[in-house]
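In: Generate a structure from the sequence data that follows.
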Amino acid sequence: MGEQPIFSVRAHVFQIDPATKRNWLPASKHAVTVSFFYDASRSVYRIISVGGTKAIINSTITPNMTFTKTSQKFGQWADSRANTVYGLGFSTEQQLQQFAEQFKEVKEAARLAREKSQERFELANPALNIAAPQLSQEFSEERHSPPLLTVNGPGEEKLFRSKSADVELTVEKEKVKKMLSEGSVCDINMEAELFTLQDSNAKLVAALQEANSSVEQWKKQLAEYQEETDRLREQVADLESQLGPPATGQTGREELSRSLEELEAMLSAKDQEIHNLQSKKTDVGELEKEREEAMQRLQDLERRNTELEDRVQSAEKTLASSQEEREQAEVEVRHIIEVLDVKICDLNDLRQSLAKLIDK
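Out: Numbering: from 1, shown residues only. Next up is the predicted model:
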């Protein structure tokens, strides 16, 4: 059975500068998941954090480690095996307190596990129960004695070992303890990476669901804007059919036509962006950025629609004014025609009178 996570928190990871031993170097570009792992088969506790495909923290917790809170949101501990000092920056003081308490609990559990491991090892190897201080004392007291030491073992038998053999046994004992406390780095990295990927996958699924709902809202808004645009086009077409060819409204109609074409082009581009967004759905950050851009463009569309409505109202006013002027011109033309008819009748009477005078 592999190691299992017992506590996780997100934090910014730092390591001490090996050159100065004073400055902090960021080990991650953003907050990453930092987890406590426990291996029941080896009774080993570790702190694991994976950034991308690389393990940025792989620290085995020992009883002599200490986690120190240096500020309200920052803490650190030294790892002599990795020959470095790790620092964690948390977003809240509560997260720092929870991590410190978990570190203390795991440290105590590691101490108890080590004591039990030593007891089992010593029971399995009784000949290794030779304490280093006692060996040094006996060696100093018997420097001039023969190079053999008598030790009472189980069954009251006499075991004879040389002092050099006792030292070798003590060194071997330390090596075995070290081997028992060390585990497979590759297995731990793979399990930590799997845990991180599961966490990231859950967050990505939630973000994609939110993005899908946002896309549906955008499609509804675009459909409404399309209907509004079609309605405005119909109004402009009706006004053009009623206007005729007055020169005063020609420029306004051309501007309205250009605006409508631009609006249609923007709507087509927006539809294409929605299709692209639905086909991608891979990067939550890009989806969020595109959503913000889409909202900005929707606001621009609303503003353009408002401007277009203002232009339509202005064109309607201009058409009404032009129609009134044309009606006034028609009235004046009719009046002039009537005056001309009267003048023509007078001239005709005058011509007839002149013709009569000439005949006489």
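In: Distance from the chain centre to stretch 62-76, please.
Out: Counting by CA atoms, centre = their mean, to the nearest Å, stretch 62-76 is centred 28 Å from the centre of its parent chain.
In: Return the set of buried residues in that stretch.
Out: Going by neighbour count (16 or more other CB atoms under 10 Å), the buried part of stretch 62-76 is T62, M65, F67, K73, F74, G75, Q76. For the C-beta atoms, the positions are set from N, CA and C on the backbone; glycine is no exception.
In: Could you check which helix or strand contains the first one?
Out: Taking DSSP states H and E as the criterion, no element holds T62; it sits outside all helices and strands.
In: Let me know the pLDDT of it.
Out: The model reports T62 with a pLDDT of 91.
In: what's the answer for A269, then?
Out: 84.
In: Tell me how many other residues surround it.
Out: Number of residues near A269 (other CB atoms under 10 Å) recorded here: 11.
In: Check which helices and strands the helix or strand where it lies sits against.
Out: Using DSSP H and E, A269 falls within helix 250-280. When contacts are defined as 3 or more CB pairs under 8 Å, 6 or more residues apart in numbering; DSSP states H and E, helix 250-280 sits against helix 185-243, helix 284-359.
In: Okay, buried residues for that helix please.
Out: Buried, per 16+ other CB under 10 Å, within helix 250-280: G252, R253, L256, S259, L260, L263, M266, L267, K270, E273, I274, L277.
In: ok, back up a step: relative to E105, which of the helices and strands packed on helix 250-280 is closest?
Out: Proximity to E105 (CB to CB) singles out helix 185-243 among those, at 19.7 Å.
In: Could you give the secondary structure assignment for the closest residue to E93 other than its chain neighbours?
Out: Spatial nearest neighbour of E93, excluding adjacent residues (CB to CB, 6 or more residues apart in numbering): Q72 at 4.9 Å. Of the three states, Q72 takes coil under DSSP: H, G, I helix; E, B strand; the rest coil.
In: for the longest strand seen in the chain, the distance to its chain's centre please.
Out: Ranked by residue count, the top strand of the chain under DSSP state E comes out as strand 4-16. In terms of CA atoms, centre = their mean, the centre of strand 4-16 is found 18 Å from the chain centre.
In: Remind me what that strand packs against, helices and strands.
Out: strand 24-26, strand 32-39, strand 84-89, helix 93-124, helix 185-243.
In: Run the angle between it and strand 32-39 for me.
Out: 130 degrees (axes from the mean of the first three to the mean of the last three CA atoms, to 10 degrees).
In: Since that was my last question, I'll sign off now.
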